[in-house]
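**Student:** Please work out how this folds:
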Amino acid sequence: MSEPTRGPLPAPNTHPAEFDAGFTLHDGYASALLHLYGRLNTEALDPINFARVDRSLESYRAFLAELDDPHLAKPTVHITGTRGKGSTLSMLEAILLQAGVSTGATVSPHLVEVRERIRIDGIDLTRDRFTEMYERIRPVADKRMSQANYRTVFELLTALAFVTFQQSDIDVALVEVGMGGRLDATNVVSPLLSIITRIGLDHTHILGDTVEKIADDKGQIIKSGGPAIISHQPDGALRVLEDRCREVGVECWRLGHEIQIENVSVTTDGTEFTVHTPSRSHTGMRTPLLGRHQAENAAVAVAAADRLLVDGHFSLSEDAVRTGLSKTRWPGRGEILDHDPILMIDGAHTDQGATALSNLLDDVFPERPRILILGMNRDKHPKEFLDCFATSPRLVLATRAESPRSMEADELAEIVRERGFECQTVDLHNALNMARELANPDDLIVATGSFYVIGALRRLRLRENEEDSTLQRSR
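**Tutor:** Numbering: from 1, shown residues only. Take a look at the predicted model:
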């Protein structure tokens with residue numbers, strides 16, 4: 001969980017490091033951020049430019065070798081997919097912690113501070129710890145830079161996670177893929193278990209223009225020596241993943257086959273379901289994460305826990321699975337920040353994500369008119385995104401984050417209006433206030449479309465909470 005944040009959002013055209021809420025709060029952390037963001041930030045590139053980046057895992061392994069191969073230091077669970085991988089990781093993390101298993105985790109993207117991407121026992125790295133670990137990789141990164149081996153922001157963060165795990169007393173590392181699988185920086189690990197969440201069309205310029213091609217890329221994280229857990233997939237994608245398991249000689253448990261889910265219900269308090277795995281049945285399970293798609297992700301996490309138990313890695317009782325799952329936290333995914341009016345943020349940024357969000361809203365808030373705060377990246381498709389919502393929004397507030405990938409608010413608004421929705425443009429700094437001013441008492445405000453947008457809005461809301469607390473203490 002992030003520490004409290006202060007200060008406004010940075011002005012446009014500032015250094016990328018200054019978008020981190022901790023930049024002004026810790027000198028060492030700021031120095032690390034300046035060095036980190038001096039590298040190529042592939043997450044800020046358009047897909048066409050990203051495709052030109054050298055993603056050689058051989059050169060990355062050579063880089064890690066100079067750090068004493070930290071990626072091989074701890075047993076690892078490796079997770080990829082188009083949607084749900086972060087939620088699934090967080091639920092498995094909560095289960096393991098409840099059972100007394102010490103964990104490291106690395107996830108992406110972050111919402112408020114980059115240190116959120118690395119957790120030990122469910123807790124974000126402190127700025128002190130982030131700085132300490134970064135100083136271990138800085139000299140090697142600088143040496144590689146002088147040799148024209150240009151390590152990227154994501155590669156350095158992944159190396160930082162591996163080094164942190166190596167230097168921590170943990171039992172298992174939970175590693176989320178950044179993009180794809182085959183050439184992702186995380187694909188240097190030798191996992192004791194691989195997890196593939198639901199696959200859809202995203203990053204098609206890089207991973208391929210069919211679900212089969214994307215499944216082939218993501219399926220490369222499955223390696224000999226560790227079984228796989230596979231979520232619901234389009235038929236073609238599932239066949240590719242099954243072929244990969246046969247190719248490397250590992251067993252797979254598939255949702256809808258070896259794993260069965262039933263009795264799904266969604267309320268404002270969470271999502272309930274029953275899941276059966278080859279080893280045992282779990283009835284009346286609950287996760288606080290909202291949405292039928294989260295029942296699917298939770299079932300995969302529960303199956304992963306059962307598989308780790310079956311294979312003799314960890315002792316995970318049914319009670320630890322149940323209680324741990326109920327304690328999951330995963331900000332920015334169907335997260336409710338306010339209740340008067342209701343303000344939800346959700347990092348849906350693909351058609352698949354929009355469909356999941358639409359189903360969530362219709363399940364939990366079927367009667368409430370909606371105001372969308374919408375910002376999208378230029379490589380996404382706003383019309384198709386909006387077409388996924390079964391219930392039309394009453395109003396859309398088009399905005400943009402300060403990222404090179406972000407679509408201009410005016411351009412987005414034009415597309416929204418062509419779709420037939422009422423739309424106004426708004427500066428991101430003012431989006432929350434405008435939405436509140438325009439909202440009726442029964443309206444639901446939903447911020448979505450881009451993690452850059454919801455991260456900035458979450459930071460603003462945290463700042464408001466901090467100011468409210470300061471005001472209360474001063475009275």
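**Student:** In terms of residue numbering, what are the domains of the protein?
**Tutor:** 16-326, 335-474 (automatic domain parsing).
**Student:** Can you convert these into CSV and add a column each for mean neighbour count and mean pLDDT?
**Tutor:** Any C-beta I mention is one placed from the backbone N, CA and C, and that applies to glycine too. Converted to CSV, these look like this (neighbours: other Cβ atoms under 10 Å; pLDDT from 0 to 100):
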stretch, mean neighbour count, mean pLDDT
domain 16-326, 20, 92
domain 335-474, 19, 88
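**Student:** quick one: contacts for residue 454?
**Tutor:** Neighbouring residues of residue 454 by Cβ atoms under 8 Å, 6 or more residues apart in numbering: 111, 332, 345-347, 447-448.
**Student:** now do 7 Å
**Tutor:** Residues counted as contacts of residue 454 (Cβ atoms under 7 Å, 6 or more residues apart in numbering) are 111, 332, 345, 347, 447-448.
**Student:** Over to the closest residue to residue 377 other than its chain neighbours: give its phi and psi.
**Tutor:** Nearest non-adjacent residue to residue 377, counting by Cβ to Cβ, 6 or more residues apart in numbering: residue 405, 4.4 Å away. Reported as degrees, to the nearest 10, the phi and psi values for residue 405 are phi -80, psi -10.
**Student:** And for the residue nearest the centre of the chain, nearest residue in space, chain neighbours not counted?
**Tutor:** The chain has residue 86 as the residue nearest its centroid, 4.3 Å off, counting by Cα atoms, centre = their mean. Of all residues not flanking residue 86 in the chain, residue 107 sits nearest, at 5.1 Å (Cβ to Cβ, 6+ apart).
**Student:** again with residue 159
**Tutor:** residue 137 (5.3 Å).
**Student:** surely the one you found meets residue 156?
**Tutor:** Yes - between residue 137 and residue 156 there is a contact under Cβ atoms under 7 Å: 6.5 Å.
**Student:** tell me the SS of residue 112?
**Tutor:** coil (DSSP: H, G, I helix; E, B strand; the rest coil).
**Student:** That one contacts residue 457, doesn't it?
**Tutor:** No - counting by Cβ under 7 Å, residue 112 sits too far from residue 457 to count as a contact (10.4 Å).
**Student:** on that earlier part again, quick check: the residue nearest to the centre of the chain vs residue 289, distance?
**Tutor:** 11 Å (Cβ to Cβ, to the nearest Å).
**Student:** Between the two, which contacts overlap?
**Tutor:** Listed as contacting both residue 86 and residue 289 by Cβ under 7 Å, 6+ apart are residue 330.
**Student:** re earlier: show the contacting residues for the residue nearest to residue 86.
**Tutor:** Residues in contact with residue 107, defined by Cβ under 7 Å, 6+ apart, are 86, 89, 117, 176.
**Student:** Farthest-apart pair in those residues, please.
**Tutor:** Farthest pair in the contacts of residue 107 (Cβ to Cβ) is 89 and 117. Separation: 11.7 Å.
**Student:** which residues of the stretch 1-150 of the chain fall in helices?
**Tutor:** 27-36, 47-50, 57-65, 85-98, 127-146 (DSSP state H, counting those that start in this stretch).
**Student:** For residue 213, find the nearest of those helices.
**Tutor:** Of all the helices of the stretch 1-150 of the chain, helix 47-50 comes closest under Cβ to Cβ, at 14.3 Å.
**Student:** related to what we said a few turns ago, tell me the phi and psi of the residue nearest to residue 86?
**Tutor:** phi -130, psi 170.
**Student:** Straight-line length of stretch 78-88, end to end?
**Tutor:** 11 Å (Cα to Cα, to the nearest Å).
**Student:** coming back round to it: tell me the contacts of the residue nearest to residue 159?
**Tutor:** 67, 156, 159-160, 163.
**Student:** for those, which one is nearest residue 251?
**Tutor:** Among the contacts of residue 137, and counting by Cβ to Cβ, the member closest to residue 251 is residue 159, at 31.2 Å.
**Student:** quick one: the strands in the stretch 301-450 of the chain?
**Tutor:** Remark: strands assigned in the stretch 301-450 of the chain by DSSP state E, counting those that start in this stretch are 335-339, 342-345, 370-374, 395-398, 423-425, 444-448.
**Student:** Turn those into a markdown table, including distance to residue 239.
**Tutor:** Output for the strands of the stretch 301-450 of the chain, formatted as a markdown table (distance: least, Cβ to Cβ, whole Å):
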| stretch | distance to residue 239 |
| --- | --- |
| strand 335-339 | 35 |
| strand 342-345 | 36 |
| strand 370-374 | 36 |
| strand 395-398 | 39 |
| strand 423-425 | 41 |
| strand 444-448 | 32 |
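**Student:** Relative to residue 126, tell me which of the ones you listed wins on proximity.
**Tutor:** strand 335-339 (22.7 Å).
**Student:** List the contacts of residue 426.
**Tutor:** Neighbours of residue 426 in contact, by Cβ under 7 Å, 6+ apart: 397, 399, 434.
**Student:** can you give me the strands for the stretch 151-300 of the chain?
**Tutor:** According to DSSP E, counting those that start in this stretch, the strands that the stretch 151-300 of the chain contains are 172-176, 193-196, 228-230, 252-254, 260-267, 270-276, 281-287.
**Student:** okay, those in a markdown table with distance to residue 301 next?
**Tutor:** Below are these laid out as a markdown table (distance: least, Cβ to Cβ, whole Å):
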| stretch | distance to residue 301 |
| --- | --- |
| strand 172-176 | 10 |
| strand 193-196 | 8 |
| strand 228-230 | 9 |
| strand 252-254 | 12 |
| strand 260-267 | 12 |
| strand 270-276 | 10 |
| strand 281-287 | 8 |
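**Student:** For residue 310, which of the ones you listed is the nearest?
**Tutor:** Of all the strands of the stretch 151-300 of the chain, strand 252-254 comes closest under Cβ to Cβ, at 9.6 Å.
**Student:** got the helices of the stretch 1-150 of the chain as CSV, with distance to residue 272 columns?
**Tutor:** Output for the helices of the stretch 1-150 of the chain, formatted as CSV (distance: least, Cβ to Cβ, whole Å):
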stretch, distance to residue 272
helix 27-36, 40
helix 47-50, 38
helix 57-65, 41
helix 85-98, 14
helix 127-146, 37
